[in-house]
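Chemist: I would like the atomic coordinates for the input below:
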Amino acid sequence: MHQGLSGKIVVITGASSGIGEATALAFAAEGAKLVLAARDLDAVQAVVDRCVATGAEALAVQVDVTDAASVKALAERAVGFGGGVDVWFSNVGVGAVGLFHETPIEAHEQVIRANLIGHMNDAHAAVPVFLQQQRGIFINMISLGGFAAAPWAAAYSASKFGLRGFTEALRGELTRYPDIHVCDVYPAFVDTPGIGHGANYVGKALSAPPPVMDARRVAKAVVGLARRPRPGLTLGAPAFAVQLMHGIAPRSTAAAMDGFMRLWTRKGRPDPISDGNLFAPPADPGGIDGGLKRVNRKAALAAGIVLGGAAALMIATHITRPRRS
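Modeler: The predicted structure is shown next:
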């Protein structure tokens, strides 16, 4: 039942809620030995307790991925706990929603630190362990934001585009090591507490356009990469649609996303402007689900029609556009 992953040492950063928590439980069900890390030790210990209740071995470690020394110490704890590291799932992600010039520059910087530098810190700690072992799997959570710009979340876009470039470069450096793998995961919008926890500089309640994906589906995909690693994995029809639209007409796609965000923020109920979880963990980690799936079917259908229509229009425009000689 646990063939392939039983007893494997799996490190997960950002493990206190959402995709991280779902993935921890998925690996626990496979018999892996888990080292779970997050800024909030109490929150990540609660996830460890859930994993231990299923019969898994697990360790909670307090880590801030923006602090390289903290992440190095995490790697040392993992090696001490299990004798090595088989899989490192770099999962931390934060966001700040607001027009670029209205969002504090400190918020932009913190998004870059967490979403890009934090993942680089993870890799910088994991890769030496992998090289010593001559094996290992590094899995990066990126999102569809690695392919298409997200107006009203400029730093998030910068971090995800940068993260995609970083992992491609790192993968190239490790080509000579056939048993060391760098994998990227690009899901569509996922129903986690992350959006509710994020920084909000628009003063309206934040959500995600339907349809949203269950975090457990993403967790299952990550476990699949640990079994059979591959460079990139895209999850969800919206992610494929956005990749297609951006590939054909990047400027039009960004403009359409800006229009969508302006409409979405006008519709939203008022909500306080807040730094969210950028500089400190949330008071309530929130569990796996974010409650975003409570969107009525008409809204989901409307979003699908808009995305499909926009894609068709862009394809038609691209095909019929006259070529310059």
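Chemist: ok, which stretches of the chain are strands?
Modeler: Applying DSSP state E to the chain gives strands spanning 9-13, 33-38, 58-62, 87-90, 96-97, 136-141, 180-187, 190-191, 199-200, 213-214, 232-235.
Chemist: elements contacting the second one?
Modeler: Put plainly, it is strand 33-38. Other helices and strands packing on strand 33-38, by 3 or more C-beta pairs under 8 Å, 6 or more residues apart in numbering; DSSP states H and E, are strand 9-13, helix 18-29, helix 41-53, strand 58-62, helix 68-82. Just so you know, the C-beta spots here come from the backbone N, C-alpha and C atoms, and that holds for glycine as well.
Chemist: how big is the angle separating it from helix 18-29?
Modeler: 170 degrees (axes from the mean of the first three to the mean of the last three C-alpha atoms, to 10 degrees).
Chemist: pairing partners for Gly232 in the sheet, please.
Modeler: Asp184 (DSSP bridges).
Chemist: circling back: any chance of TSV for the strands of the chain, columns mean pLDDT and mean neighbour count?
Modeler: Listed next are the strands of the chain as TSV, based on pLDDT from 0 to 100; neighbours: other C-beta atoms under 10 Å:
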stretch	mean pLDDT	mean neighbour count
strand 9-13	98	29
strand 33-38	98	28
strand 58-62	98	22
strand 87-90	98	27
strand 96-97	95	23
strand 136-141	97	25
strand 180-187	96	22
strand 190-191	94	26
strand 199-200	96	24
strand 213-214	94	19
strand 232-235	93	18
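Chemist: dump those to TSV, plus distance to Ala114.
Modeler: Output for these, formatted as TSV (distance: least, C-beta to C-beta, whole Å):
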stretch	distance to Ala114
strand 9-13	10
strand 33-38	12
strand 58-62	16
strand 87-90	11
strand 96-97	10
strand 136-141	12
strand 180-187	17
strand 190-191	17
strand 199-200	11
strand 213-214	22
strand 232-235	22
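Chemist: minimum distance to Tyr156: which of the ones you listed has it?
Modeler: Tyr156 sits nearest to strand 96-97 of all the strands of the chain, at 6.9 Å, using C-beta to C-beta.
Chemist: coming back round to it: return the most buried member of the helices and strands packed on strand 33-38.
Modeler: strand 9-13 (a mean of 29; mean count of other C-beta atoms under 10 Å).
Chemist: number of nearby residues for Arg251?
Modeler: 9 (other C-beta atoms under 10 Å).
Chemist: quick check: it vs Arg228, distance?
Modeler: Computed as C-beta to C-beta, to the nearest Å, the Arg251 to Arg228 distance reads 37 Å.
Chemist: how far does stretch 240-258 sit from its chain's centre?
Modeler: 20 Å (C-alpha atoms, centre = their mean, to the nearest Å).
Chemist: next up, the contacts around the one residue sitting closest to the centre of the chain.
Modeler: Nearest to the geometric centre of the chain sits Met141, at 3.9 Å (C-alpha atoms, centre = their mean). Met141 makes contacts with 14, 19, 89-91, 93, 185, 187, 222, as judged by C-beta atoms under 8 Å, 6 or more residues apart in numbering.
Chemist: same check on Ala28?
Modeler: 34, 50-51, 54-56, 58.
Chemist: quick check, nearest of the contacts of Met141 to Ala150?
Modeler: Gly93 (12.5 Å).
Chemist: hang on, the closest one packs against Asn115?
Modeler: Yes - counting by C-beta atoms under 8 Å, Gly93 does reach Asn115; the two are 5.7 Å apart.
Chemist: format the helices and strands packed on strand 33-38 as CSV; extra columns: distance to Val242.
Modeler: Output for the helices and strands packed on strand 33-38, formatted as CSV (distance: least, C-beta to C-beta, whole Å):
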stretch, distance to Val242
strand 9-13, 26
helix 18-29, 19
helix 41-53, 30
strand 58-62, 35
helix 68-82, 31
